[in-house]
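S.K.: Predicted model and sequence follow; I will ask about them next.
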Amino acid sequence: MERRDFLKKSVFVTLGAALAGGGIMHALAGGEQNDNNQRNKTAMKIVVLTGSPRKNGNSAYLADEFIKGAQEQGHEVFRFDCAFKHVEPCRACNRCGMNGDCILNDDFLQLRPRLIEADMVVFATPMYYFGISTQMKCVINRFYAINEQIKGAQKKAAFLMTYADTATDEAQPMLLHYHTLLRYLGWTSVGEVVARGVWTAGSVRNTDYPRQAYLLGKNL
Ligand SMILES: Cc1cc2nc3c(=O)[nH]c(=O)nc-3n(C[C@H](O)[C@H](O)[C@H](O)COP(=O)(O)O)c2cc1C
């Protein structure tokens, strides 16, 4: 059990280190990614988590495009739309001991085995008051029951985020959260799409961001 480790890693993270470790890489663009094309030619099991409750929303569209690119390359995708599932918040009963059955009997049971076996996990979320959506955070907190099975498991990850404002610095708290989570879990980010200036549902379709998401999936 590594709860002390959990605390230690959470407390000692610094903004500088986190940004140095990831920063805003933005999406991986096609021609620039020849090296990435060589990275992994084998089919991966990919879990895509979406966080928006908005139908036909922007982050969901980025997820669609990522999935299209990934599936064209033969990867197997399991999509879990957090806002349209019944997932209760972790109650911190600790019955699972960070590595066992959860007392909650809900839709997380569909996701749990997929997360454990996944080679890659993608987080697609809108910005809500400078953070990821509540619905997605609720699902991430349920990782607790499988913490020991997914931590250090050599998974890849990607982050797709949308927000209305155009200030790049406002994306930093979410990127810091993502990179800190990955550092704790020992997962590796393969890219991020940071879509700013998109407010109304579907407005991201008029930007270059969907192409970036598509190429991110295509170039895995
Ligand atoms: C509850 C709520 C909070 C939001 N907070 C922010 C915010 O802090 N900064 C921002 O730029 N946009 C904010 N927005 C706008 C959304 O991030 C933006 O519309 C985004 O494109 C929504 O993505 P979606 O279509 O995938 O839901 C907020 C929207 C909602 C509904």
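M.R.: Right, received. Where do you want to start?
S.K.: For residue 209, list the residues it contacts.
M.R.: 27, 62, 162, 193, 195, 198 (CB atoms under 8 Å, 6 or more residues apart in numbering). Where you see a C-beta, it was placed from the backbone N, CA and C, and this is true even at glycine.
S.K.: try 6 Å this time
M.R.: Listed by CB atoms under 6 Å, 6 or more residues apart in numbering, the contact partners of residue 209 are 193, 195.
S.K.: where do the helices sit along the protein?
M.R.: For the chain, the helices defined by DSSP state H occupy 3-11, 15-21, 34-37, 58-72, 108-117, 134-141, 147-150, 172-185, 209-218.
S.K.: closest to residue 98 out of these?
M.R.: In terms of CB to CB, the element of the helices of the chain nearest to residue 98 is helix 147-150, at 4.1 Å.
S.K.: follow-up on the earlier one: just tell me which of the helices of the chain ends up closest to the ligand.
M.R.: Closest to the ligand of these is helix 58-72 (CB to the nearest ligand atom; 3.3 Å).
S.K.: which residue of this structure sits farthest from its center?
M.R.: The C-alpha centroid of the chain is most remote from residue 95, which lies 26.1 Å away (CA atoms, centre = their mean).
S.K.: That one touches residue 103, doesn't it?
M.R.: Yes. In this structure residue 95 lies within contact range of residue 103 using CB atoms under 6 Å: 5.3 Å.
S.K.: Just send the helices of the chain back as TSV, with distance to the ligand and mean pLDDT too.
M.R.: As requested, the helices of the chain are exported to TSV (distance: least, CB to the nearest ligand atom, whole Å; pLDDT from 0 to 100):
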stretch	distance to the ligand	mean pLDDT
helix 3-11	23	40
helix 15-21	19	33
helix 34-37	26	44
helix 58-72	3	98
helix 108-117	19	98
helix 134-141	9	98
helix 147-150	25	98
helix 172-185	10	98
helix 209-218	10	98
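S.K.: Out of these, the one nearest residue 48 is which?
M.R.: Closest to residue 48 of the helices of the chain is helix 58-72 (CB to CB; 5.4 Å).
S.K.: I'd like to know how many residues surround residue 78.
M.R.: Neighbour count for residue 78, taken as other CB atoms under 10 Å: 17.
S.K.: Hmm, residue 114 and it touching each other?
M.R.: Yes. Counting by CB under 6 Å, residue 78 touches residue 114, with 4.6 Å between them.
S.K.: tell me, what's touching these two both at once?
M.R.: residue 47.
S.K.: so who does the closest residue to the ligand within the chain touch?
M.R.: Going by CB to the nearest ligand atom, the ligand is nearest to residue 57 of the chain, at 2.7 Å. By CB under 6 Å, 6+ apart, the contact set of residue 57 is residue 201.
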